[in-house]
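In: Need coordinates for the following:
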Amino acid sequence: MKEIFRTPVIVVAALFAQQAQAEIACEGQGITTADKSFCSRCRYQAAKATKKDTACTAFGNIQGNYVVLGSRVEKPPRHGTVSSHGWGFAYTPSKGFVGTDAFSIEYDFVQPGTTKAIVFYGDYTMTVHE
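Out: Numbering: from 1, shown residues only. Next up, the predicted model:
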């Protein structure tokens, strides 16, 4: 009877270890502003890090009742691929790449209490570690 329960416990432990590894693989500072608002056509810097051959999926933690109208990759990375989705993105380094990469994403949204569309840019520096 003990063997029946041992296997599911090992599988669950392995899944938690994979989740922890994914969180470690995509770390760093996202886009932030001092007053939690964005100016139109402004550029904001952010830096993230991942491991070689490991994707980094990041979701924005923008506070407020923003309505995201869309996002698109403005400048693609030179050493990998990136796709944008709402406030987030998914970056995958090229196979075997280690070093620094950069890309930009355009975000279109409406700020709380207004009907005016705002566009700003996130300029991301991605460090890929061994």
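In: how close does the nearest residue to residue 27 once chain neighbours are set aside get to residue 90?
Out: Setting aside the residues directly before and after it, residue 27 is nearest to residue 49 in space (Cβ to Cβ, 6 or more residues apart in numbering), at 5.5 Å. Heads up, the C-betas are built off the backbone N, CA and C, glycines and all. From residue 49 across to residue 90, the span is 15 Å (Cβ to Cβ, to the nearest Å).
In: One more: residue 40?
Out: Distance of residue 40 to residue 90, computed by Cβ to Cβ: 26 Å.
In: Residue 68 too?
Out: Using Cβ to Cβ, we find residue 68 at a distance of 16 Å from residue 90.
In: Could you do residue 59 as well?
Out: Separation of residue 59 from residue 90 (Cβ to Cβ): 10 Å.
In: Same check on residue 57?
Out: In terms of Cβ to Cβ, residue 57 sits 5 Å off from residue 90.
In: my hunch is that residue 108 is in a helix, does that hold up?
Out: No. Residue 108 is assigned strand when assessed by DSSP: H, G, I helix; E, B strand; the rest coil, not a helix.
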